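>>> the sequence isn't on hand, but the structure is:
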Ligand SMILES: Cc1cc2nc3c(=O)[nH]c(=O)nc-3n(C[C@H](O)[C@H](O)[C@H](O)COP(=O)(O)OP(=O)(O)OC[C@H]3O[C@@H](n4cnc5c(N)ncnc54)[C@H](O)[C@@H]3O)c2cc1C
Ligand code: SF4
Ligand code: FES
């Protein structure tokens, strides 16, 4: 068994920042990551980091924009923490050498971004995430922080008291990809989840293949509630064959969307008579899908984004990287032909419930980055607000886990105070009946187990699971199950959500769960067995897909990225509350907790979100 | 389905009690329907053509643990082609539909994570950034040469990481301003280091380099480029630059490079590696002149 004070799961922006912070506090910290740190998907972010750095701007304005963008589902203490800390943390990156773009006076450049009242998006060319990720990894190397890279974390070692609020996380179980060894890791102080996005729940996404929502699923099964899972952001311009993102900048510069008849549908079919192609992400995504659904898509799949009329000179000058992206990943030269585009899953606003110090309701369990929900994005994330979230909350979680004295959090976690029990009308049974989840079960007696023993139990359980998968000689393979769920999610739980379709998705997920009972791994090798790992990930995909769909079915309103056919309005009287889902021994339990709109100096009064 | 529309139109127009106006409209309708029909047929033909269109891949296989795979071999896969398909897409398709044990690293699918540098038809390329349509068949896919194979297309990256970490690959400066203020950097200086910061640690360059293959201790193009990134960054200051040049001048540093340009040719991020190495050599000479 390996042992450290703090264990960070994941090495993207959030995980690296957490590890550096814990190290600063003198903790013995290690990172366990299924990818080498520089392979993390933070590297794919292009646009930038929002930070109120300049005169004329303020954290208060940034907070106001973020709250409005969230459609009033963000929690003010988290939003204000983000906006107050972001400038300092962004400068910290600069002091670590990050290669930001520069103004004439040598200071870092900022640009305008959708939904922001000030050009506060700090950037490094079109590769901000890449620069951020590598800069932080350099700092990790400098400090000699231990990384267990290509170790896939499969389970949390959490005690199993009845109430999750009474449980403690003592460590993790991980699988060494190169050798097939399964080991326990004891964390004396805490475990920080920083596992990133969950885009692989859909069959078309801007997310990496590794973004399978592992952290969210593991925390959920260990008893930590997950929050606002139904809020998924879709990006309207992704390349059909891979999901590679084509920046809003193309439309900003004057790129035009056409259907198969060559009609400029944003105007001709009245989707956005004023803004046309420049309408918000969700409006454009819905317009594109409507075109395809009504038979005006190309190959029944996508629409065209044309920028040829801008002229080669302007395109090369301002959008050069788009030429490469389109040629390399779609085989289309956008100087000669329009680019095929369609909406793709992009970002998960929801995640593991945490407070503004990154803590969950389970003692010693933290989450930060895209897998966490504090919540700063509420119903809809503003572009440029995810990267600051990584560095602000990654750092806070790292400090807290390492034992630094910090102000008590204002956000509560778990079922305390003003919560509201609820029900959802599901056509099928939810959850994984008969399976107790990942909290270490021992006939209810684990309160007496030592931390080491809890980790040992979790390790034994995991070994059994993996042995079973490897020993089973036939059955169904994960790829088939995964594909079914991904297809169903893309078809039924996308930018359009209707009751019957959501119920169909729940039926499909149920069916997939039943198939998963018979899953087996054909590759029996102990060496680099990606077949096995993907099979384990597929289980996470099932739990996450269900949670998104349940939240979407229950929320009878249209807020942020969540559109419901039957309810075309935001309903503040009833819905200023977070959707919470608890594992509850395999029978998911839905409940709500109120949104906190009271900030430090003011209350954010819900207004209509129009731009 | 598609043939029904014109038939109906014909029936209607042959009926007796039809006004001239309607006849005209019907003729128009018919025309439109015919056009639509043609278009559909063309589309269907295109679909059929592409369905027949498969790509033949020959993929290197090896697993030290599995009987029958201990001896390296090549497996053939025929993958249905779709517009825009890359080598990585084809490998994923083959794995998900033919053989789930086919093993390769990949994650981002957009040339930014650096996981899937492979040896494709005899040169180092990122699988995700290589269009099948640019390759001749059969497409040979092998693990990167000059590295130990772990399994199938997966190679051991430890040596590459060690070299990267040997050059103090982190920013070091003595002249930081106050906590809330950024250090200034000119636009020109940022431009100067820009290309060097684009490295995604894919190790294609290292794999293509003859010198690195012969001298295991040679830092290699990527690590030298990493050092260049800092040495040329004015924010680090002159003292730090001297120190970096000393690291690079060691026996297995810049002087090993024989300017063969193979690294520059394969780098998926178009980093002018050889140029960077040459520039560091020149700096090192200037540096020595100063002390002599
Ligand atoms: C194409 C694209 C562009 C974007 N552009 C912007 C932008 O301009 N501005 C902005 O603010 N945001 C942007 N975002 C969003 C932002 O980049 C992400 O939300 C953020 O980078 C996520 O970082 P993370 O550290 O939480 O996760 P990631 O960077 O995804 O890292 C996850 C880590 O967890 C590890 N991991 C996962 N599961 C396991 C497991 N089971 N065991 C061990 N390790 C595990 C992985 O190995 C990885 O190291 C963009 C996102 C995408 C996809
Ligand atoms: S320099 Fe280029 S080829 Fe070499 S590791 Fe970096 S990106 Fe890959
Ligand atoms: S899959 Fe990331 S570089 Fe190719």
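Great, that's in hand. All of these numbers come straight from a predicted model, not from anything done at the bench. Ligands and ions are numbered 1, 2, ... in the order given.
>>> list the buried ones in stretch A:287-307?
Buried residues in stretch A:287-307, counted by 16 or more other CB atoms under 10 Å in any protein chain shown: A:287-292, A:296-298, A:302-307. Every residue, glycine included, has its C-beta placed from N, CA and C.
>>> residues contacting it, please?
With CB atoms under 8 Å, 6 or more residues apart in numbering or on different chains as the contact definition, stretch A:287-307 has outside contacts at A:236-237, A:240, A:246, A:250-251, A:253-261, A:263, A:265-266, A:269, A:271-272, A:279, A:315, A:319, A:322, A:334, A:338-343, A:494-496, B:43.
>>> try it again at 7 Å.
Applying CB atoms under 7 Å, 6 or more residues apart in numbering or on different chains, the set of residues contacting stretch A:287-307 from outside is A:236-237, A:240, A:246, A:250, A:255-261, A:265-266, A:271, A:315, A:334, A:338-343, A:494-496.
>>> end-to-end on that stretch?
19 Å (CA to CA, to the nearest Å).
>>> ok, stretch B:167-187 next?
One end of stretch B:167-187 sits 25 Å from the other (CA to CA).
>>> any part of that stretch near ligand 2?
No. No part of stretch B:167-187 sits near ligand 2 under the criterion CB under 6 Å from any ligand atom; the closest distance found is 12.0 Å.
>>> show me where chain B has strands.
Secondary structure of chain B, counting by DSSP state E: strands at B:54-61, B:73-80, B:117-120, B:123-126, B:139-142, B:149-151, B:154-155.
>>> and the gap between the closest residue to ligand 1 within the stretch 401-550 of chain A and ligand 3?
Here the stretch 401-550 of chain A gets closest to ligand 1 at one residue, residue A:537, 7.5 Å apart by CB to the nearest ligand atom. With distances taken as CB to the nearest ligand atom, to the nearest Å, residue A:537 is found 16 Å from ligand 3.
>>> just checking, what packs against the host helix or strand of that residue?
With secondary structure defined by DSSP states H and E, residue A:537 is part of helix A:530-554. For helix A:530-554, the contact count by 3 or more CB pairs under 7 Å, 6 or more residues apart in numbering or on different chains; DSSP states H and E identifies helix A:214-221, helix A:451-471, helix A:478-492, helix A:499-516, strand A:577-582 as packing neighbours.
>>> of those, which is nearest residue A:58?
Comparing the helices and strands packed on helix A:530-554 against residue A:58 with CB to CB, the closest turns out to be strand A:577-582 (27.2 Å).
>>> what residues does chain B have near ligand 2?
Remark: the part of chain B in contact with ligand 2 comprises B:199-205, B:221-222, B:225, B:266-269, B:271, B:273, using CB under 6 Å from any ligand atom.
>>> show the buried residues in the contacts of stretch A:287-307.
Using 16+ other CB under 10 Å as the burial test, the contacts of stretch A:287-307 include A:236-237, A:240, A:246, A:250, A:255-260, A:265-266, A:271, A:315, A:334, A:338-343, A:494-496 as buried.
>>> in strands, which of those residues fall?
Judged by DSSP E, strands contain the following of the buried ones among the contacts of stretch A:287-307: A:236-237, A:256-258, A:339-343.
>>> return the most buried member of the helices and strands packed on helix A:530-554.
Comparing those on average neighbours per residue, with mean count of other CB atoms under 10 Å in any protein chain shown, the densest one is helix A:214-221 at a mean of 28.
>>> how's chain A carved up into domains?
Chain A breaks down by automatic domain parsing into domains covering A:1-231+A:349-611, A:237-344.
>>> go on, chain B?
Under automatic domain parsing, the residue ranges defining each domain of chain B are B:40-154, B:157-176+B:184-288.
>>> quick one: average confidence on the last one?
Averaged across domain B:157-176+B:184-288, the pLDDT comes to 95.
>>> so is it next to chain A?
Yes. Domain B:157-176+B:184-288 lies in contact with chain A when judged by CB under 7 Å from any CB of the partner chain; the contacting residues are B:165, B:169-171, B:176, B:184-187, B:190, B:193-194, B:197, B:201, B:233.
>>> tell me which stretches of the stretch 51-200 of chain B form helices.
Assigned by DSSP state H, counting those that start in this stretch, the helices in the stretch 51-200 of chain B fall at B:87-97, B:158-165, B:187-194.
>>> restrict the contacts of stretch A:287-307 to those near ligand 1?
Restricting the contacts of stretch A:287-307 to those near ligand 1 by CB under 6 Å from any ligand atom leaves nothing, as none qualifies.
>>> what parts of the stretch 101-250 of chain A come near ligand 1?
Checking the stretch 101-250 of chain A against ligand 1 by CB under 6 Å from any ligand atom, the hits are A:128-129, A:152-153, A:194-197, A:206-207, A:210-211, A:214, A:245.
>>> and which of those residues is nearest to ligand 3?
Among those, residue A:210 lies closest to ligand 3 (CB to the nearest ligand atom), at 9.8 Å.
>>> gap between the helix holding residue A:537 and the chain center?
Its chain's C-alpha centre and that of helix A:530-554 lie 13 Å apart, by CA atoms, centre = their mean, to the nearest Å.
>>> report the next helix or strand after that helix in sequence order.
helix A:572-575.
>>> report the buried residues of that following helix.
Residues of helix A:572-575 classed as buried under the neighbour-count rule (16+ other CB under 10 Å) are residue A:575.
>>> hang on, the earlier thing: what's the farthest-apart pair in the ones in strands among the buried ones among the contacts of stretch A:287-307?
A:256 and A:343 (17.0 Å).
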